[in-house]
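Sequence first, then the predicted structure, then my questions.
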Amino acid sequence: MASFGDFNRVNTNVTALSAQLSLNKINSELGDSRLKLSTGKRINSAEDNSAGYAIATKLNSRVKGLEQALQNVSDAKSMLGVIEGCYNSIMDNLIEIKNLAIQAANDSLNQDDRTLIAHQIHSLGEEINNIANDDLLPTSSTAMLIQSGDTIEDTFSINLAAVDVLNLFGGNAKNLDVDSDGVLVGDAVGKLAIVVNGDHIEHGGNTANDDRGEIEFVFNYPNGMMQVAVDSADFNSMISHVDEAIGVLNTHINELGINQRSLSSKEENLTQAITANSAAHSRIMDTDFAKEQSNSIRLQILQQTATAALSQANMGPQAVLGFLGQ
């Protein structure tokens, strides 16, 4: 504000300087307002609001972490969906094996018929192992850790079981125990066996076996050895073994479904957390366009009035000419 007598001096136009200062401040505020409208951000640098900028940066980091965790959970659900498809395919093969065992347990069939059925059951066992050899299905029980949040504590463990002939029909004494020769316990003559990593006599010939186990049937030993043959009673006994294998797989499917349900819940919780944190970040950082547009119009009006005031202030020193008689 100009002091008494300031208008009587020409070299320094105090009124014009004050008007210019006011105009510069208005221009600066108007520039900030236009920047907020153009970027959509209320805080464009730490200078605008240091505390708000720091809080918003932390919230943004949390949102990005939660978004990646949500992606991790979605990927895990997709993986479990693939595994579920593998389990279902293996279940279909087990059901088919059971149907064939029921068919072979019928005494209306002769030995040649049972041989054909045994070949088919063996082939279905190989198909189970082929499915189990998928990269997503482990050779032994495996724990997978899913990063389901943005902190070190936010993890989810999934146990994936091995599902192959050995583990379904007797691996680790869970079902049908196997001795060192791969012969089922209780089958003294070895007419029915789960064989692992070895040679076993199947249908009268030697065959190399899978480390995931194979379903073997013995119809006779060659070279004059004891003649034995799998009969209807053996296939009848096998029915209960297949039922147990189906029960083992059902347990794994149940665990898989529980994990899928848990991941779905985590997916929902993460989505809600992302929404809440994004809203908090927006309240701090984003421009209220209605409010800022009104402020911009106010500053434009003040800019015009300040420009007019500066123009009038620049004309003030001409009043001194009256002292000179002009």
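Nice, I can see it.

So what's the residue count around Glu126?
Neighbours of Glu126 under the rule other C-beta atoms under 10 Å: 16. Every C-beta, even on glycine, is put in place using the N, C-alpha and C of the backbone.

Pull up the gap between it and Gln103, please.
19 Å (C-beta to C-beta, to the nearest Å).

same thing with Gly40?
In terms of C-beta to C-beta, Gly40 sits 72 Å off from Gln103.

in stretch 303-317, what counts as buried?
Using 16 or more other C-beta atoms under 10 Å as the test for burial, stretch 303-317 gives Gln303, Ala306, Ala309, Leu310, Ala313, Gly316, Pro317.

Can you tell me the closest non-neighbouring residue to the first one?
If I follow you right, that is Gln303. Spatial nearest neighbour of Gln303, excluding adjacent residues (C-beta to C-beta, 6 or more residues apart in numbering): Ile26 at 5.1 Å.

And the one you found, its phi and psi?
Ile26 adopts backbone torsions of phi -70, psi -40, taken as degrees, to the nearest 10.

which residues of the stretch 151-300 of the chain fall in helices?
165-169, 232-285, 289-315 (DSSP state H, counting those that start in this stretch).

Of those helices, which is nearest Gly52?
helix 232-285 (5.0 Å; C-beta to C-beta).

Could you list the low-pLDDT ranges of this protein?
1-10, 135, 170-210, 218-229, 319-326 (pLDDT under 70).

more crowded one of Gly40 and Gln103?
Comparing Gly40 with Gln103 by other C-beta under 10 Å, the one with more neighbours is Gln103, at 15 against 12.

Check which helix or strand the nearest residue to that one once chain neighbours are set aside maps to.
Once flanking residues are discounted, Gln103 sits nearest to Ile117: 6.3 Å by C-beta to C-beta, 6+ apart. Assigned by DSSP states H and E, Ile117 belongs to helix 111-132.

What is that helix packed up against?
Packing partners of helix 111-132 (3 or more C-beta pairs under 8 Å, 6 or more residues apart in numbering; DSSP states H and E): helix 50-104, helix 165-169, strand 214-217, helix 232-285.

got the angle between the last one and helix 50-104?
What it means is helix 232-285. In terms of direction (axes from the mean of the first three to the mean of the last three C-alpha atoms, to 10 degrees), helix 232-285 departs from helix 50-104 by 170 degrees.

tilt between helix 232-285 and helix 111-132?
Using the same axes, to 10 degrees: helix 232-285 against helix 111-132 is 20 degrees.

Which other helices and strands does helix 232-285 contact?
Short answer (3+ C-beta pairs under 8 Å, 6+ apart): helix 232-285 packs on helix 50-104, helix 111-132, strand 155-160, helix 165-169, strand 192-195.

out of these, deepest packed?
Ranked by mean neighbour count under mean count of other C-beta atoms under 10 Å, the helices and strands packed on helix 232-285 are led by helix 165-169, which reaches a mean of 27.

contacts for stretch 34-41?
With contacts defined as C-beta atoms under 8 Å, 6 or more residues apart in numbering, stretch 34-41 is touched by Arg42, Asn44, Met285, Asp286, Thr287, Phe289, Glu292, Gln293, Ser296.

the domain parsing of the protein - what is it?
The chain breaks down by automatic domain parsing into domains covering 6-40+304-324, 53-176+231-282.

hmm, back to that, buried ones in whatever helix or strand comes next after the helix holding Ile117, by neighbour count?
Sequence-wise, the next helix or strand downstream of helix 111-132 (DSSP H and E) is strand 142-147. By 16+ other C-beta under 10 Å, the buried positions in strand 142-147 come out as Ile146, Gln147.

got the contact list for the closest residue to Leu94 other than its chain neighbours?
Counting by C-beta to C-beta, 6+ apart, Leu94 lies nearest to Ile246, which is 5.1 Å off, once chain neighbours are set aside. By C-beta under 8 Å, 6+ apart, the contact list for Ile246 reads Met91, Leu94, Ile95, Lys98.

pretty sure the first one contacts Val248?
No. Met91 lies out of contact with Val248 (C-beta atoms under 8 Å); the separation is 10.8 Å.

I'd guessed Ser157 sits against Thr142; true?
No. Here Ser157 does not reach Thr142: they are 10.6 Å apart, not a contact under C-beta under 8 Å.
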